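1. predicted coordinates and the sequence they were generated for:
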Number of protein chains: 2
Amino acid sequence: MTKPNFQSFHPQQRTLMGPGPSDVSPQVLAALARPTLGHLDPTFVGLMDEVKVLLQYAFQTQNKLTMPVSAPGSAGMEACFANLVEPGDKVIVCQNGVFGGRMQQNVIRCGGEAIMVQDEWGKQTDLAKVEDALKANPDVKILAFVHAETSTGVRNDAKALCELARKYNCLTIVDAVTSLGGIELDVDGWQIDAIYSGTQKCLSCVPGLSPVSFSEKAVDVIQQRKTPVQSWFLDMQLVMGYWGQGGQRAYHHTAPVNSVYALHESLLALQNEGLEQAWKRHQDMHLMLREGLEGLGLEFVVDEAYRLPQLNSVGIPEGVDDAQVRSRLLNEFNLEIGAGLGALAGKVWRIGLMGYGCNQKNVEYCISSLAQVLGK
Amino acid sequence: MTKPNFQSFHPQQRTLMGPGPSDVSPQVLAALARPTLGHLDPTFVGLMDEVKVLLQYAFQTQNKLTMPVSAPGSAGMEACFANLVEPGDKVIVCQNGVFGGRMQQNVIRCGGEAIMVQDEWGKQTDLAKVEDALKANPDVKILAFVHAETSTGVRNDAKALCELARKYNCLTIVDAVTSLGGIELDVDGWQIDAIYSGTQKCLSCVPGLSPVSFSEKAVDVIQQRKTPVQSWFLDMQLVMGYWGQGGQRAYHHTAPVNSVYALHESLLALQNEGLEQAWKRHQDMHLMLREGLEGLGLEFVVDEAYRLPQLNSVGIPEGVDDAQVRSRLLNEFNLEIGAGLGALAGKVWRIGLMGYGCNQKNVEYCISSLAQVLGK
């Protein structure tokens, strides 16, 4: 075979205001590039312990089983479903966007039965419908929903949904990929049983890891499974052996060591700012962005009452070429905004204000760039 | 919850001569830290195309479905088994170390039947036994084996095993985690159907990705499955949509963008050196290391005829404290060597000579450090 003849890659410095990955700080990139340690090196094991504590803080939980899965958010989702769902189990899945549909796929592929509660994309999950589904299915094991629906910009009422689940004696699986670090999230206060997130949204870390947390109740359920978890890689009983549950450090897989450095550094930024302050900053910047977008005549898709500050969906004005606008922003301004996904493809833009990239400079740059491209 | 109060992490500069991760070059670390792009950015998509070509070169294959799975080698293994094994399928698994056992777990968790061909740890897989198993099980679908057994340092005869598989009309799944880039590997020449590797061994990239490649025959089998792949995250029919099979670029999951930069850079090093030259360097350095280790009175576990140059298992001398030696090497010399795994725990050391770290300086440093710690 002939040898290829490629050169080193030098990407542009983009401003990332899509649905994620978001802008990564120089501090996090510097941490990423520090010398690689062995995955069982005592120094690295010490770092893993810090990452667990930092994630407990971010999730607001004392859950011992709190750690990053060594793969992107989709794998964190699968870790939650594959460990908690056994063949024949019934799971109520709330869908009002793309990611509820992915949850449904996960339930089915675990041999479970997905009972769907559908709401319109861009609307909130209807609590009354969920309660109806819970009443109609007294043998449901799990209620699964997305806290911050990245495909639409809707915040679902996680606290109320968890209360409903408890009322009907259900476990909860919560998608917090886009919510963690950006809006209020209280795993212990809301008594969430299994939750997964991603590193590349409001944590502003590079993509590739998925922080997860499981309540004691969830761990009990996992330990009492009748069938083995179908994924060896994501079997939490094996993974927790490596991440130090019960003081062990058994080799399971090789952790993505450098990505864990980066996650640690990004969680330090959250620690240093403080969770509440980070949530407030997302809200403040969102209000500033909103003013600018509305000034350009753009309209929000999602009602203010349950709109995510970190993911702003606006309708594409009549007669405007979606792809051309995004392409001009990218090529002329090095600015990425997100396209619509699924049912909203071609109809909306999704403008992310996440983590490190959620700042006044980005807001103003986004508005001025959009103004120029839209000829306003 | 009280805020944690941690500081930035600054790891030591270790010399990594264990079973992986291996030393990562400054060039690869620099690539890793370049600005993050969106996972659908045209510039990143161009890089993905280059990575595919570079992996085709490393694997020596024209297979279109050649790409890195967005997770460590264990997930690459699972991607091969979960896509090719359906419930009830029979798979012959050759085991002569830890990773054959992991393959067995994968078969079982996919609902398949694993027919084990066991050989002693440290010995080569016995071709006659494999042929007996193939004869005795004419309905076997897949022959699975480990090319370079990281737990022992044995090279199995991949070419001959693939010939046997073809003779009995079987597909092959090959673990090349430790072989890719370190010893001869010829996916098309040997007609391997599914193969997975890791980035943190002889490619000297950071851990976290798993290069895989599937033959056309394997792709046909995947496309004709009767049941859905049990893993959504690892379903190659979905993953290939993102990695550009058939010209599409459908969003599946968020790729670990920066890790892909690093993989690209590490594959450039292989391209620039040339595969054959890289294999020769591993062999040359191994001979130098062997001379030094034997000079210290250490004995190789594996017969020379099928010994891996990149993973050197030597017996721990009588009366020597395993953990103390490794701990002194780490603390006084910043040198990591590997402990024994599974049946060989406490009995051997595993000294890696992989990729960038496979050089004269490391060989000499390893020998002189070991000499001091062993009091030779």
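-> Received, thanks.
2. taking the centroid of chain A, which residue is nearest it?
-> Central residue of chain A (CA atoms, centre = their mean): A:V177, 0.8 Å from the mean position.
3. shouldn't it be in contact with A:V69?
-> No: with contacts counted by CB atoms under 8 Å, A:V177 stays clear of A:V69, the gap being 12.0 Å. All C-beta spots, glycine's among them, are computed from the backbone N, C-alpha and C.
4. what is in contact with those two at once?
-> Listed as contacting both A:V177 and A:V69 by CB atoms under 8 Å, 6 or more residues apart in numbering or on different chains are A:G76, A:Y196, A:S210.
5. one step back: mind listing what the residue nearest to the centre of chain A touches?
-> When contacts are counted by CB under 8 Å, 6+ apart, A:V177 touches A:G20, A:G73, A:G76, A:F99, A:A148, A:T150, A:Y196, A:S197, A:G198, A:K201, A:S210.
6. now, which of these lie close to chain B?
-> Applying CB under 8 Å from any CB of the partner chain to the contacts of A:V177, one finds that A:G20, A:G73, A:G198 fall near chain B.
7. spit out the contact partners of the second one.
-> Contacts for A:G73 (CB under 8 Å, 6+ apart) come out as A:V177, A:Y196, A:S197, A:G198, A:S210, B:H253, B:T254.
8. let's go with 6 Å and repeat that
-> A:V177, A:G198, A:S210 (CB atoms under 6 Å, 6 or more residues apart in numbering or on different chains).
9. now A:D303: how far from chain B?
-> Using CB to the nearest CB, to the nearest Å, A:D303 is found at 26 Å from chain B.
10. run a quick neighbour tally on that residue.
-> 11 (other CB atoms under 10 Å in any protein chain shown).
11. just read off the phi/psi values of it.
-> Dihedral angles of A:D303 (phi, psi; degrees, to the nearest 10) stand at phi -60, psi 140.
12. just A:T172 next, same as before
-> The phi/psi pair for A:T172 (degrees, to the nearest 10) is phi -120, psi 140.
13. got a list of what it touches?
-> A:L143, A:C162, A:A165, A:I192, A:D193.
14. bridge partners for it, pull those for me.
-> Counting by DSSP bridges, A:T172 forms beta bridges with A:L143.
15. walk me through the domains of chain A.
-> Domain assignment for chain A by automatic domain parsing gives A:15-21+A:275-374, A:27-271.
16. just name the most buried of those.
-> Neighbour counts (mean count of other CB atoms under 10 Å in any protein chain shown) averaged over each of the domains of chain A peak at domain A:27-271, with a mean of 22.
17. from the contact counts, what lies against the worst-scoring helix or strand of chain A on mean pLDDT?
-> In chain A, no helix or strand scores lower on mean pLDDT, DSSP states H and E than helix A:236-242, which sits at a mean of 90. Contact here means 3 or more CB pairs under 6 Å, 6 or more residues apart in numbering or on different chains; DSSP states H and E; on that basis helix A:236-242 packs against no helix or strand.
18. contacts for it?
-> Residues contacting helix A:236-242 (CB under 6 Å, 6+ apart): A:L65, A:N83, A:I222, A:Q248, A:A250, A:H252.
19. roughly how far is that helix from the heart of the chain?
-> 22 Å (CA atoms, centre = their mean, to the nearest Å).
20. is the following helix or strand past that helix up against chain B anywhere?
-> Elements were assigned by DSSP states H and E; along the chain past helix A:236-242, the next helix or strand is helix A:257-273. Yes: using CB under 6 Å from any CB of the partner chain, a contact is recorded between helix A:257-273 and chain B, made by A:V257, A:N258, A:S259, A:Y261, A:H264, A:Q271.
21. just these now: which is nearest chain B?
-> A:N258 (4.4 Å; CB to the nearest CB).
22. dump the residue contacts of that closest one.
-> Neighbouring residues of A:N258 by CB under 6 Å, 6+ apart: A:L32, A:T36, B:V206.
23. circling back to that earlier point, any chance of the domains of chain A in a markdown table, plus distance to B:P228?
-> A markdown table is the format used below for the domains of chain A (distance: least, CB to CB, whole Å):
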| stretch | distance to B:P228 |
| --- | --- |
| domain A:15-21+A:275-374 | 20 |
| domain A:27-271 | 6 |
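24. right, and these - which one's nearest B:V93?
-> Evaluated over the domains of chain A, closeness to B:V93 peaks at domain A:27-271, with 13.3 Å, by CB to CB.
25. which one of the contacts of helix A:236-242 is nearest chain B?
-> Of these, the one sitting nearest to chain B (CB to the nearest CB) turns out to be A:H252, at 7.6 Å.
26. need the residues of the stretch 201-350 of chain A near chain B, please.
-> A:206-208, A:228, A:230, A:232-233, A:253-254, A:256-259, A:261, A:264, A:271, A:336.
27. quick one: low-confidence parts of chain A?
-> Within chain A, the ranges that satisfy pLDDT under 70 run A:245-248.
28. can you pull out the helices in it?
-> A:26-32, A:42-59, A:73-84, A:98-109, A:127-136, A:158-167, A:216-223, A:236-242, A:257-273, A:275-295, A:322-333, A:360-374 (DSSP state H).
29. just the C-alpha atoms of stretch A:20-37, please, in PDB.
-> The C-alpha trace of stretch A:20-37 is given here as PDB (Å, rounded to 0.1, in the frame of the first residue of the first chain):
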ATOM      1  CA  GLY A  20     -21.600  21.900  22.000                       C
ATOM      2  CA  PRO A  21     -18.800  21.400  22.000                       C
ATOM      3  CA  SER A  22     -18.500  24.800  23.600                       C
ATOM      4  CA  ASP A  23     -15.400  27.000  23.800                       C
ATOM      5  CA  VAL A  24     -12.600  25.300  25.800                       C
ATOM      6  CA  SER A  25     -10.500  27.600  28.000                       C
ATOM      7  CA  PRO A  26      -6.700  27.800  27.500                       C
ATOM      8  CA  GLN A  27      -6.400  26.400  31.100                       C
ATOM      9  CA  VAL A  28      -8.300  23.300  30.200                       C
ATOM     10  CA  LEU A  29      -6.400  22.800  26.900                       C
ATOM     11  CA  ALA A  30      -3.100  23.200  28.800                       C
ATOM     12  CA  ALA A  31      -4.200  20.600  31.400                       C
ATOM     13  CA  LEU A  32      -5.100  18.300  28.500                       C
ATOM     14  CA  ALA A  33      -1.600  18.400  27.200                       C
ATOM     15  CA  ARG A  34       0.200  17.600  30.400                       C
ATOM     16  CA  PRO A  35       2.400  14.400  30.400                       C
ATOM     17  CA  THR A  36       0.400  11.200  30.300                       C
ATOM     18  CA  LEU A  37       0.500   9.000  33.400                       C
END
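30. what's the offset of that stretch from the middle of its chain?
-> Relative to its chain's centre, stretch A:20-37 lies at 18 Å (CA atoms, centre = their mean).
31. for stretch A:260-271, same thing?
-> Relative to the centre of its chain, stretch A:260-271 is centred 16 Å away, using CA atoms, centre = their mean.
32. how about the residues of the stretch 1-150 of chain A near chain B?
-> Near chain B, when you scan the stretch 1-150 of chain A using CB under 6 Å from any CB, you find A:1, A:3-4, A:6, A:9, A:11, A:13-14, A:18, A:21, A:24, A:29, A:32-38, A:43, A:47, A:50, A:53-54, A:57, A:60, A:70-72, A:74-75, A:78, A:105-106, A:109.
33. of all the domains of chain A, which lies closest to B:F300?
-> domain A:27-271 (22.4 Å).
34. list the contacts of the closest residue to A:G181 other than its chain neighbours.
-> Ranked by CB to CB, 6 or more residues apart in numbering or on different chains and with sequence neighbours excluded, the top spatial neighbour of A:G181 is A:C202, at 3.6 Å. Shown in contact with A:C202 (CB under 6 Å, 6+ apart): A:G181, A:G182, A:Q310, A:M354, A:G355.
35. and A:G338, how far from A:Q310?
-> Per CB to CB, to the nearest Å, A:G338 is found 12 Å from A:Q310.
36. let me fix that, I meant to ask about A:Q27.
-> Taking CB to CB, one finds A:Q27 at 20 Å from A:Q310.
37. then A:E273?
-> If you go by CB to CB, the gap between A:E273 and A:Q310 works out to 15 Å.
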